[in-house]
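**Student:** The amino acid sequence is not available; the structure is as follows:
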């Protein structure tokens, strides 16, 4: 636990991305000062907690040995299915492997799946959403209809179709979850790009005779995609939950990996004998999702405070 | 919602009615004037809008069907080989003599367009094809198992609505800490992974307390925990969307008027404010029905409850694409129909949406 002093500083940086420092000095109108004071509201406690947990997650991903010194694969046949206690904080599985170490060592791959799926989903959404908003009436109609059709397939079912076709694997999982979350984000991006496109500063740039490509890259995309920062954070949490749900159903990553979904899947046969094998990995998923939500919302409200 | 930007519309000469609850916060840039209140849409206008929406719904169903067909037809590898291997549990190359009867029976060697037309024709007759592993019509497979899933889904919806409404009426805009605690609880509930909530309920109420059966079966006692598993997260979602509208409506002038008339706080909340905040909940429900059907897959697996979810998991494991696609099609159709109903109800309830539709 020598890592605790590290926690506060990066946590603060994570949670306040475009803080009050951004307005340039010299524009000190009354309006400006009012805005600064709004975004300088104290950061809520929940955000601090979430930030601290996010730091723990990052440490667990890159240097799991710092948090869990025991070997996640070490088998202790004297203590199979031991309940949580002093020796094994989170208990052990059927082979006596320490659940705490397994969860810590599984953080990296779990987050990677979440990140990958969010990347796929948001990437698709940005392409489709901006295309629909900027590509003219036909593109908008076609993509809009396509998104509507995808909406008719709930995320879990879409993912299961994918798995039925390609068989379970990490790539399928990432692709399936990414595709499942894409339509919602695509709709969001489209609305965002639309509203930016109609905004005063874009019209001004157009009136000044700027080249459309320049308007697009300098004005429309940066402003339309900035709110996506919050969405990205929310998406990671959401993706991890979906991926772990699929793993729980038996469509996850192969069992020897201590990835969280795989832990859930492996613990299922023992649910009546060892509740901790299901509930604690699930708690890790939930805590990560909540952290992502809290941080995402905070980023969102900070950005909104900046704009209004 | 961004549809409104396409309809700048002529602004009526009468000033827009003062109605803060309707202030379109979602798109403040497009502050469009509205026709005066009380101007109910004519039946013809409603029919036109609903007809338009119904056409859209038919399109979505057709596209979903095409998509599921393409998934089956463009599956990597040979379908007849896959089918034989799944049935025998072997992985091996098949001789043309072995493949011929399968191709014949399922029509795999027909041109793609013929297969597609057959598939669409079958859909119109209510035929979803033959299961690869069970050799039964998919409709029979689904028909045998759909009842418990429908019961579960709608019980969960009812629970979610009841929880959300009670929570809102009791806690919205009370002492700051009450509101904050409950809106925090809502977010937490909405974020709960269903499998996790299900396991907790199972461990606590079935294993430790022994109040409910561990294996749900299809009885009424076995319905409670799975329905709560699906209902609690949805209640969180519903309460979240409705809380915003609820709290905004509490500031509306007509609420002040009602209070000035001497109406009690509870009366105001139940008779005026709740009605306004139901709308966002209603549109969320349209979406939620589809999502609930898929979440039922998880609940049924946690509680070993019969239903479509278990059929689906078995089918995915067996790569039984006609069954998987059949279930997915069914859910898509249910989603489309519920949304059509919700949209129609919406237009009838709220004439302001006549234009936007």
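**Tutor:** Yep, that arrived. Please read all numbers here as calculations on a predicted model, not as lab measurements.
**Student:** alpha carbons only for contacts and neighbour counts from here, please
**Tutor:** Noted.
**Student:** what's the burial count for residue B:78?
**Tutor:** Neighbourhood size, residue B:78 [other CA atoms under 10 Å in any protein chain shown]: 12.
**Student:** Any figure for the gap between it and chain A?
**Tutor:** Here the distance between residue B:78 and chain A works out to 12 Å (CA to the nearest CA, to the nearest Å).
**Student:** Would it be right to say that residue B:343 lies in a strand?
**Tutor:** No: using DSSP: H, G, I helix; E, B strand; the rest coil, the assignment for residue B:343 is helix, not a strand.
**Student:** Any idea how many residues pack against it?
**Tutor:** Using other CA under 10 Å, residue B:343 has 20 neighbouring residues.
**Student:** so it touches residue B:285, yeah?
**Tutor:** No: Residue B:343 is not in contact with residue B:285 according to CA atoms under 8 Å; the separation is 10.9 Å.
**Student:** per-residue confidence at residue A:231?
**Tutor:** According to the prediction, residue A:231 has pLDDT 77.
**Student:** ditto for the one 10 residues further on
**Tutor:** For residue A:241, the model assigns a pLDDT of 87.
**Student:** Next, the buried residues of the helix or strand where it lies.
**Tutor:** Here residue A:241, judged by DSSP states H and E, is contained in helix A:228-246. Buried residues in helix A:228-246, counting neighbours by 16 or more other CA atoms under 10 Å in any protein chain shown, are found at A:228, A:230-246.
**Student:** Check which element follows it along the chain.
**Tutor:** helix A:260-267.
**Student:** Whether the following helix or strand past that next one contacts chain B - can you check?
**Tutor:** Proceeding N to C from helix A:260-267, the next assigned helix or strand is helix A:276-307, under DSSP H and E. Yes: judged by CA under 8 Å from any CA of the partner chain, helix A:276-307 comes into contact with chain B at A:278-279, A:282-283, A:286, A:289-290.
**Student:** So which elements touch helix A:276-307?
**Tutor:** Helix A:276-307 sits against helix A:8-15, helix A:30-39, helix A:45-62, helix A:99-134, helix A:228-246, helix A:260-267, helix B:176-191, helix B:194-201, with contacts defined as 3 or more CA pairs under 8 Å, 6 or more residues apart in numbering or on different chains; DSSP states H and E.
**Student:** Run through who's touching the last one.
**Tutor:** With CA atoms under 8 Å, 6 or more residues apart in numbering or on different chains as the test, helix B:194-201 has contacts from A:245, A:248, A:278-279, A:282-283, B:225-226, B:229-230, B:233, B:295, B:298-299, B:302-303.
**Student:** so residue A:278 touches residue A:262, yeah?
**Tutor:** No: between residue A:278 and residue A:262 there is no contact under CA under 8 Å: 10.5 Å.
**Student:** Show the pLDDT at residue A:18.
**Tutor:** 36.
**Student:** just residue B:164 next, same as before
**Tutor:** So, for residue B:164, pLDDT stands at 90.
**Student:** mind checking the end-to-end distance for stretch B:267-274?
**Tutor:** Across stretch B:267-274, the terminal residues are separated by 10 Å (CA to CA, to the nearest Å).
**Student:** which parts of that stretch are buried?
**Tutor:** So for stretch B:267-274, counting by 16+ other CA under 10 Å, buried means B:268-269, B:272-274.
**Student:** Residue A:275 against residue B:202, yeah?
**Tutor:** No: Residue A:275 is beyond contact range of residue B:202, at 9.7 Å (criterion: CA under 8 Å).
**Student:** Look at those two and report which has more neighbours.
**Tutor:** Shown here are residue A:275 and residue B:202; by other CA under 10 Å, residue B:202 has more neighbours (28 against 21).
**Student:** From residue B:299, how far out is the more buried one?
**Tutor:** 11 Å.
**Student:** which stretches of chain B form helices?
**Tutor:** Listed in chain order, the helices of chain B (DSSP state H) span residues B:43-73, B:79-88, B:96-106, B:112-124, B:138-171, B:176-191, B:194-201, B:221-250, B:253-260, B:265-268, B:274-302, B:308-317, B:321-349, B:353-356.
**Student:** which other helices and strands contact the longest one?
**Tutor:** Applying 3+ CA pairs under 8 Å, 6+ apart, one finds that helix B:138-171 makes contact with helix B:176-191, helix B:221-250, helix B:274-302, helix B:308-317, helix B:321-349.
**Student:** For residue A:223, give me its contacts.
**Tutor:** Residues near residue A:223 by CA under 8 Å, 6+ apart: residue A:196.
**Student:** Tell me the secondary structure of it, please.
**Tutor:** On the basis of three-state DSSP, residue A:223 is classed as helix.
**Student:** how about the residues of chain A near chain B?
**Tutor:** For chain A, the residues in contact with chain B (CA under 8 Å from any CA) are A:145, A:148-150, A:152-158, A:160-161, A:163-166, A:191, A:195, A:241, A:245, A:248-249, A:272, A:275, A:278-279, A:282-283, A:286, A:289-290.
**Student:** Kindly give a single PyMOL line that selects the buried subset of these.
**Tutor:** Buried residues within the residues of chain A next to chain B, by 16+ other CA under 10 Å, are selected in PyMOL with:
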select buried, chain A and resi 145+148+149+150+152+153+154+155+156+157+158+160+161+163+164+165+191+195+241+245+248+249+275+278+279+282+283+286+289+290
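**Student:** For the nearest residue to residue A:78 once chain neighbours are set aside, which residues are in contact?
**Tutor:** The shortest distance from residue A:78 to any non-neighbouring residue, by CA to CA, 6 or more residues apart in numbering or on different chains, is to residue A:96 (7.2 Å). When contacts are counted by CA under 8 Å, 6+ apart, residue A:96 touches A:74-82.
**Student:** Can you say which of those are buried?
**Tutor:** Buried, going by 16+ other CA under 10 Å: A:75, A:79-82, out of the contacts of residue A:96.
**Student:** Relative to residue B:328, which of these is nearest.
**Tutor:** Comparing the buried ones among the contacts of residue A:96 against residue B:328 with CA to CA picks out residue A:81 as the nearest, at 38.5 Å.
**Student:** Surely the closest one is within a helix?
**Tutor:** No: the assignment for residue A:81, made by three-state DSSP, is coil rather than a helix.
**Student:** next one: phi and psi at it?
**Tutor:** phi 50, psi 40 (degrees, to the nearest 10).
**Student:** From residue B:210, how far out is it?
**Tutor:** Residue A:81 sits 22 Å away from residue B:210, taking CA to CA as the criterion.
**Student:** go on, residue A:194?
**Tutor:** Residue A:194 is 56 Å from residue B:210, by CA to CA.
**Student:** Please say which of the two ends up with more neighbours.
**Tutor:** residue A:194 (20 against 12).
**Student:** Tell me the buried residues in the helix or strand where the more buried one lies?
**Tutor:** Counting by DSSP H and E, the element that carries residue A:194 is helix A:170-197. Neighbour-count burial for helix A:170-197 flags A:170, A:172-197 (criterion: 16+ other CA under 10 Å).
**Student:** again with stretch B:184-203
**Tutor:** For stretch B:184-203, using 16+ other CA under 10 Å, the buried residues are B:186-203.
**Student:** Then stretch B:154-165?
**Tutor:** Buried residues in stretch B:154-165 (16+ other CA under 10 Å): B:154-157, B:159-161, B:163-165.
**Student:** Model confidence for residue B:334, exactly?
**Tutor:** For residue B:334, pLDDT reads 89.
**Student:** For it, give me its contacts.
**Tutor:** Residues counted as contacts of residue B:334 (CA under 8 Å, 6+ apart) are B:289-290.
**Student:** measure it to residue B:307 for me?
**Tutor:** 16 Å.
**Student:** Excluding covalently adjacent residues, which one is nearest to the residue of the stretch 51-200 of chain B found nearest chain A?
**Tutor:** For the stretch 51-200 of chain B, the residue closest to chain A is residue B:60, as judged by CA to the nearest CA, at 5.2 Å. Once flanking residues are discounted, residue B:60 sits nearest to residue A:149: 5.2 Å by CA to CA, 6+ apart.
**Student:** State the distance from the closest residue to residue A:147 other than its chain neighbours to residue A:90.
**Tutor:** Setting aside the residues directly before and after it, residue A:147 is nearest to residue A:183 in space (CA to CA, 6+ apart), at 5.4 Å. Going from residue A:183 to residue A:90 by CA to CA gives 38 Å.
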